[in-house]
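> Predicted coordinates and the sequence they were generated for:
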Amino acid sequence: MQGFSRRSLLRGSSALGAAGAFGIVMPAAAWTWSPTSSVIGTGTGLDPRQVWDDEADSLVAALFERGEVDLVNELLAAWTHNGQALPAGLPADVRIFLEKARQLPAWTDQAKLSRAFSFYEKRGLYLGVLYGLGSGMMSCVIPREAKAVYYSAGGAEMKDRIDKTAKLGYDIGVRDAFGPGGQMVVTCLKTRLTHAAVRHLLPKSSHWHASADEAKPISQADIMVTWHSLATFSFNKLTAWGVPMPSGDSAAFLHLWQITAHLLGVADEYIPANWSGANAQSRQVLDPILAPTTEGVALAKILLNLAAKYDGGLTKPMLHSFTRFCLGEQIADWLEVPKEPVTDPLVKAGWPPFIAFREATMWFPFAPQGYWLFDEFLRLGVRFFLGEGKVTNITMPTGNNPNYT
């Protein structure tokens with residue numbers, strides 16, 4: 001069994017994860033990650049699988065009881081930018097919650113946030129591929145996430161659900177993402193309310209109950225699992241691809257995601273202080289749980305079919321090949337992604353030289369800005385397709401997937 005690990009899967013290897021390969025059901029390991037490795041260096045050490053978001057959950061439960069969810073969704077539609085005042089007419093408890101939650105943490109480093117845009121300006125294309133065909137598809141082999149998506153309202157309107165998820169991935173990479181002119185704070189807080197609404201609604205679904213191994217979805221651990229599938233996975237893949245990562249850039253990229261986790265309601269004691277701590281936590285909460293599910297396979301097919309409808313220069317075989325290249329043979333097979341005899345070797349052989357060429361020319365005058373404009377054109381095209389030309393507004397759901405009541 002030497003050399004077999006799920007960590008190798010995340011690095012794009014074709015090695016087989018031992019537990020998944022032999023159908024072994026691994027018991028949940030005790031939580032051992034220390035809060036001394038967090039951004040605040042201290043904490044209770046409670047297992048995040050048994051911690052949710054009490055403040056947001058009690059607020060949203062009250063909105064459902066008072067019949068005010070639709071009202072709040074309607075009012076918040078006009079709230080789009082971080083520096084914008086909250087809309088008039090919001091219930092007092094919602095206003096108090098959002099005014100408090102919109103504040104950046106005391107450990108925010110503005111210099112790192114400023115540097116992060118420079119990093120995105122140069123590497124936004126790679127991150128777009130990793131977020132979409134890496135992390136997005138990996139979500140389908142995260143069992144709890146796949147089941148929560150499939151049986152919640154988002155599972156019935158996957159294009160809309162992907163559009164809202166893509167908004168977060170887009171908003172984090174723009175200039176002044178967390179500043180007054182950006183939208184990332186608003187996007188995170190609306191997502192936090194959405195998570196609370198799903199936690200309120202999904203336990204009412206008999207189909208979810210029959211499939212899930214938890215009584216309440218989207219724990220702090222579940223959010224950090226998704227966080228690692230985006231931040232830690234992408235950082236490790238960039239490193240594996242030979243993308244230059246000066247310490248200042250890697251710290252800036254991490255800081256973007258640290259702030260994001262905080263604004264999504266994750267307790268600071270669970271947010272890693274550095275990439276070493278992030279990898280240690282990921283090895284505990286993400287790597288061992290990756291596995292195929294019926295719901296995940298169905299979601300993967302929907303995602304790839306939607307992606308193929310957008311003519312962004314990638315044919316369906318190319319989408320299959322990039323997914324297999326980013327996630328490795330085992331995960332691609334779990335998701336029933338077809339092997340492509342022409343494009344699989346083409347992507348495998350062509351992507352490294354493409355990165356090498358782009359990085360070699362990155363130091364030419366105005367090259368980063370030129371690459372950014374090209375990448376931005378692609379990103380905006382995808383956003384236009386997913387949102388059908390409309391402004392994307394993240395809203396709290398008022399029910400579960402109607403196909404699985």
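Structure's in. What do you need?
> Distance check, residue 307 against residue 47.
For residue 307, the distance to residue 47 equals 36 Å [Cβ to Cβ, to the nearest Å]. In this view, the C-beta of every residue, glycine as well, is placed from N, C-alpha and C.
> Check residue 264 too.
For residue 264, the distance to residue 47 - Cβ to Cβ - is 19 Å.
> follow-up on the earlier one: so for residue 307 and residue 47, which residue has more residues nearby?
Taking other Cβ atoms under 10 Å, residue 307 and residue 47 do not tie; residue 307 has more neighbours (23 against 15).
> Next SSE downstream of the least confident helix or strand in the chain by mean pLDDT?
In the chain, no helix or strand scores lower on mean pLDDT, DSSP states H and E than helix 18-21, which sits at a mean of 34. Sequence order places helix 54-66 as the next helix or strand after helix 18-21, per DSSP states H and E.
> average pLDDT for the strand or helix carrying residue 138?
Here residue 138 sits within helix 136-138, counting by DSSP H and E. Mean pLDDT, helix 136-138: 93.
> cool, and stretch 185-194?
Averaged across stretch 185-194, the pLDDT comes to 98.
> same deal with stretch 38-53?
For stretch 38-53, mean pLDDT rounds to 97.
> Now do the buried residues in it.
38-39, 43, 48-49, 51-53 (16 or more other Cβ atoms under 10 Å).
> what comes into contact with it?
Outside stretch 38-53, the residues within contact range by Cβ atoms under 8 Å, 6 or more residues apart in numbering are 28, 30-31, 34-36, 105, 107, 192, 195-196, 199, 216, 218-222, 224, 258, 265, 267-273, 277, 285.
> follow-up on the earlier one: from the buried residues of stretch 38-53, which is closest to residue 352?
residue 39 (34.0 Å; Cβ to Cβ).
> Check which helix or strand residue 177 maps to.
Using DSSP H and E, residue 177 falls within no helix or strand.
> Wait, residue 217 touches residue 202, no?
Yes: between residue 217 and residue 202 there is a contact under Cβ atoms under 8 Å: 5.1 Å.
> Now do the shared contacts for those two.
With Cβ under 8 Å, 6+ apart as the test, residue 217 and residue 202 both reach 148, 208.
> ok so, going back, so which of the buried residues of stretch 38-53 comes closest to residue 350?
Nearest to residue 350 among these, with distances taken as Cβ to Cβ, is residue 39, at 38.8 Å.
> Now do that closest one against residue 269, distance only.
For residue 39, the distance to residue 269 (Cβ to Cβ) stands at 8 Å.
> ditto for residue 31
When distance is defined by Cβ to Cβ, residue 31 is 12 Å away from residue 269.
> more crowded one of these two?
Legend: neighbour count by other Cβ under 10 Å for residue 31 and residue 269, higher for residue 269 (22 against 17).
> Leaving out the residues flanking it, which one is nearest to that one?
residue 43 (2.6 Å; Cβ to Cβ, 6 or more residues apart in numbering).
> re earlier: and which of the buried residues of stretch 38-53 is nearest to residue 113?
The closest of those, once distances to residue 113 are taken by Cβ to Cβ, is residue 39, at 14.2 Å.
> what's around residue 75, how many residues?
17.
> Please tell me I have it right and it contacts residue 89.
Yes: using Cβ under 8 Å, residue 75 is in contact with residue 89, at 5.6 Å.
> all helices of the stretch 251-400 of the chain, in order?
Under the criterion DSSP state H, counting those that start in this stretch, the stretch 251-400 of the chain contains helices at 275-285, 294-309, 316-327, 329-334, 343-361, 367-387.
> Since that was my last question, I'll sign off now.
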